[in-house]
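For reference, the sequence and a predicted model appear below.
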Amino acid sequence: MLANDLELASYFEAAAKGAKKPKNVANWILNDLQNALSAAGKTINDCPIPPEALDELVNLIDSGKISGKQGKEVFAEMFASGKTRSRDCKGKRDRAIERFERDRSALRRSDRRQIQNQLQILKQVTLRH
């Protein structure tokens, strides 16, 4: 798909230039960006998100700083507002990062409790035998 559209291929090359995972950038272009452009009746030449900004967003997701779902929220904000860098969507991005950290922390606490419960059960079973 990228090879069939010269403008899209150029956009990808610019976005993937600094990408840690170029395939993930390609997936965002072919899925989310193409869908958003189509829904807005725009072409890649009218894209409100510069390639470097998309690369920055994908790298945030790939590094685990935000989840894919949170990245989609930031992407939608960037596309709708015309803010050209994910850091321009700082409030939304920071809330996404905070939510991710809070969820991860809660999951760790839950995992520790489950492990402790399992250890208690094992101790009880072991003491009976």
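Yep, it's here.

Could you point out which residue ranges in this structure have low pLDDT?
Along the chain, segments meeting pLDDT under 70 span 1-4, 84-101, 104-107, 110-111, 122-123, 125-129.

and A15, what element?
helix 6-16 (DSSP states H and E).

for that helix, packing partners?
helix 22-28, helix 51-62 (3 or more Cβ pairs under 8 Å, 6 or more residues apart in numbering; DSSP states H and E). All C-beta atoms are positioned from the backbone trio N, CA, C, and that covers glycine.

CSV for the ones you listed, including distance to G71 and mean neighbour count?
CSV is the format used below for these (distance: least, Cβ to Cβ, whole Å; neighbours: other Cβ atoms under 10 Å):
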stretch, distance to G71, mean neighbour count
helix 22-28, 8, 18
helix 51-62, 4, 21
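
To L6, which of these lies closest?
With Cβ to Cβ, the closest approach to L6 among the helices and strands packed on helix 6-16 belongs to helix 51-62: 14.4 Å.

Determine how far the helix holding A15 lies from the middle of the whole chain.
Relative to its chain's centre, helix 6-16 lies at 20 Å (Cα atoms, centre = their mean, to the nearest Å).

Reformat the helices and strands packed on helix 6-16 as CSV; add distance to G68.
Formatted as CSV, the helices and strands packed on helix 6-16 follow (distance: least, Cβ to Cβ, whole Å):
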stretch, distance to G68
helix 22-28, 10
helix 51-62, 6
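
Which of those helices sits closest to K69?
For K69, the closest of those is helix 51-62, at 9.6 Å, according to Cβ to Cβ.
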